[in-house]
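Trainee: model the following, please.
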Amino acid sequence: MRPRDPAQPHRTASTLELFFDLVFVVAVSIASAQLHHSLSHGDFVHGVTAYAMVFFAVWWAWMNFTWFATSFDTDDWLYRVTTIVQMGGVLVFAAGIPAAFERGDFTIPVLGYIVMRIAMVAQWLRASRGAGELRSATRRYALGIAAVQVLWVLFLLIPSGTVQIAAFVVFALIEVSVPVFAEYRRQTPWHAHHITERYGLFTLIVLGESLLASANAIVDAGRELESLVPLISISVLTLVVTASLWWIYFWPPHHRAITTFARSLRYGYTHYLVFAAAAAFSAGIEVELDVLTGESHLSNVVASFTVTIPIAIFLLGIWWIAIRESADRVVNTAIPAGALLVLLDPILPIPVAITAVVLAVIVVILVLRPPLPQRS
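Mentor: Numbering: from 1, shown residues only. So this is what the prediction gives:
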């Protein structure tokens, strides 16, 4: 298991990586559904906090595998088996998400993480045998991952509430510092086109899950409403917004954003907000439908914010890490301004929702003003 060539031509995501990503659809779908229920009942603080904690774990598990794979993927039988074990851990984790939301009980998610971490530590230790100059980095990864997992086991002893949230924040900060600790002397190689393709594929999966969840909710609501006009409006909004977010995300050449270790950290870590916002979008659509059908007593303004806030976060996140340095002044003005308009859509004195219009205008601007040539 030697380090992969970061300049390898035609490096693309493997079928195993695509298979691995599909397991995360389960976890993302369950987390989004739990967020929807919390928001629909007006339990905003608890819902958003629990969602942020759960989605962090989902995102970080995916990150661990993805960056390891870009450096050491061998695709032999042992690598495949170890990866499938990690997939099993993801499914165990997903099964515990409802209990984590409802009671702050993270027992099953932590058990799933133990399964994933045992496999991940084994991968790093195996890689250390043939890593050469990177042997110390691979061993620090194994040590850091194992040590932080001990903290997550101790996390189970902390009762739910404010103390649990504070402990989670501290442990999460320690967790994201492991790559810095492991690679402060020598960096493991990453393939820029491969790693950004992996992020793009996961974005497609999250957006697709949001589209599916929203479509299912619209179909269910259609059985209870006499008029289809509101459902048609929400359907158009959902399709236009999802397609626009896809267009905006894939407009810039992402490989330019990870030219250094510090930039790769910024790119990878900010994607937590991008992924979480994309998955939360469907929860907002479902809240809007609950208001239409009378299952939620939220006001129209509050319900609309559950849709517009995730969209604005997505726009600002991807603009900051990938678009900004490849765009001219017009694009760099349009996207932040568009995010602000989308965010304020629920309270603007306009008789129709402008979110879809704003996003469509941004897409038109991107078509007319392509990315700038790469600077030398």
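
Trainee: can you list the buried residues in the host helix or strand of residue 81?
Mentor: Using DSSP states H and E, the element containing residue 81 is helix 77-95. Buried positions in helix 77-95, judged by neighbour count with 16 or more other Cβ atoms under 10 Å: 79, 83, 85, 86, 87, 89, 90, 92, 93, 94, 95. Quick note: C-beta positions are derived from backbone N, CA and C, even for glycine.

Trainee: make JSON lines out of those and add distance to residue 138 and pLDDT.
Mentor: Putting those into JSON lines (distance: Cβ to Cβ, whole Å; pLDDT from 0 to 100) gives the following:
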{"residue": "79", "distance to residue 138": "14", "pLDDT": "94"}
{"residue": "83", "distance to residue 138": "17", "pLDDT": "95"}
{"residue": "85", "distance to residue 138": "19", "pLDDT": "96"}
{"residue": "86", "distance to residue 138": "17", "pLDDT": "96"}
{"residue": "87", "distance to residue 138": "22", "pLDDT": "96"}
{"residue": "89", "distance to residue 138": "21", "pLDDT": "95"}
{"residue": "90", "distance to residue 138": "23", "pLDDT": "95"}
{"residue": "92", "distance to residue 138": "26", "pLDDT": "96"}
{"residue": "93", "distance to residue 138": "25", "pLDDT": "96"}
{"residue": "94", "distance to residue 138": "29", "pLDDT": "95"}
{"residue": "95", "distance to residue 138": "31", "pLDDT": "95"}
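
Trainee: quick one: which of the residues you listed is nearest to residue 309?
Mentor: residue 94 (24.7 Å; Cβ to Cβ).

Trainee: isn't that closest one up against residue 30?
Mentor: Yes: Residue 94 lies in contact with residue 30 (Cβ atoms under 8 Å); the separation is 5.4 Å.

Trainee: and the strand or helix carrying residue 67 with helix 77-95, angle?
Mentor: Assigned by DSSP H and E, residue 67 belongs to helix 44-72. Interaxial angle, helix 44-72 versus helix 77-95 (axes from the mean of the first three to the mean of the last three Cα atoms, to 10 degrees): 180 degrees.

Trainee: what comes up buried for helix 44-72?
Mentor: So helix 44-72, judged by 16+ other Cβ under 10 Å, has buried residues 47-72.

Trainee: quick check: which element contains residue 138?
Mentor: helix 135-155.

Trainee: tell me the helices and strands packed up against the following helix or strand past that helix.
Mentor: Where DSSP H and E defines the elements, the next helix or strand beyond helix 135-155 is helix 162-176. If you count contacts as 3 or more Cβ pairs under 8 Å, 6 or more residues apart in numbering; DSSP states H and E, helix 162-176 packs onto helix 44-72, helix 135-155.

Trainee: the same query, at a cut-off of 6 Å, please.
Mentor: helix 135-155 (3 or more Cβ pairs under 6 Å, 6 or more residues apart in numbering; DSSP states H and E).

Trainee: list the buried residues for the helix it packs on?
Mentor: Using 16+ other Cβ under 10 Å as the test for burial, helix 135-155 gives 137-145, 148-149, 152, 155.

Trainee: pick the one among those closest to residue 295.
Mentor: residue 155 (34.3 Å).

Trainee: quick one on the thing from earlier: and of the buried residues of helix 135-155, the nearest to residue 117?
Mentor: For the buried residues of helix 135-155, the nearest to residue 117 is residue 149 (4.5 Å; Cβ to Cβ).

Trainee: that closest one against residue 117, yeah?
Mentor: Yes: counting by Cβ atoms under 6 Å, residue 149 touches residue 117, with 4.5 Å between them.

Trainee: could you list every helix and strand in contact with the helix holding residue 81?
Mentor: Against helix 77-95 (3+ Cβ pairs under 6 Å, 6+ apart) you get helix 15-40, helix 107-128.

Trainee: point out where the protein drops to low pLDDT.
Mentor: Applying pLDDT under 70 to the chain flags the ranges 226-227, 349-352, 375-376.

Trainee: can you tell me which helix in it is longest?
Mentor: Longest helix in the chain, counting residues (DSSP state H): helix 261-293.

Trainee: what's the helix or strand that contains residue 205 packed up against?
Mentor: Element membership for residue 205, per DSSP H and E: helix 192-222. Applying 3+ Cβ pairs under 6 Å, 6+ apart, one finds that helix 192-222 contacts helix 15-40, helix 44-72, helix 229-249, helix 261-293.

Trainee: buried residues, that helix. List them.
Mentor: Residues of helix 192-222 classed as buried by neighbour count (16+ other Cβ under 10 Å): 192-199, 201-203, 205-207, 209-211, 213-214, 217-218, 221.

Trainee: roughly how far does residue 322 sit from residue 203?
Mentor: 11 Å (Cβ to Cβ, to the nearest Å).

Trainee: what of residue 243?
Mentor: 13 Å.

Trainee: what does residue 228 give?
Mentor: Between residue 228 and residue 203 the distance is 31 Å, computed by Cβ to Cβ.

Trainee: deepest of the helices and strands packed on helix 192-222, which one?
Mentor: Mean neighbours per residue, mean count of other Cβ atoms under 10 Å, is largest over those for helix 261-293, with a mean of 23.

Trainee: what packs against that one?
Mentor: helix 15-40, helix 44-72, helix 192-222, helix 300-318.

Trainee: flag every buried residue along the helix or strand that the last one is followed by.
Mentor: By that I understand helix 300-318. Once the chain leaves helix 300-318, the next helix or strand it forms, by DSSP H and E, is helix 329-344. By neighbour count on 16+ other Cβ under 10 Å, the buried set for helix 329-344 is 331, 334, 335, 336, 338, 339, 341, 342, 343.

Trainee: can you list contacts of helix 329-344?
Mentor: 308, 311, 312, 315, 316, 319, 324, 355, 358, 362, 365, 369 (Cβ atoms under 6 Å, 6 or more residues apart in numbering).
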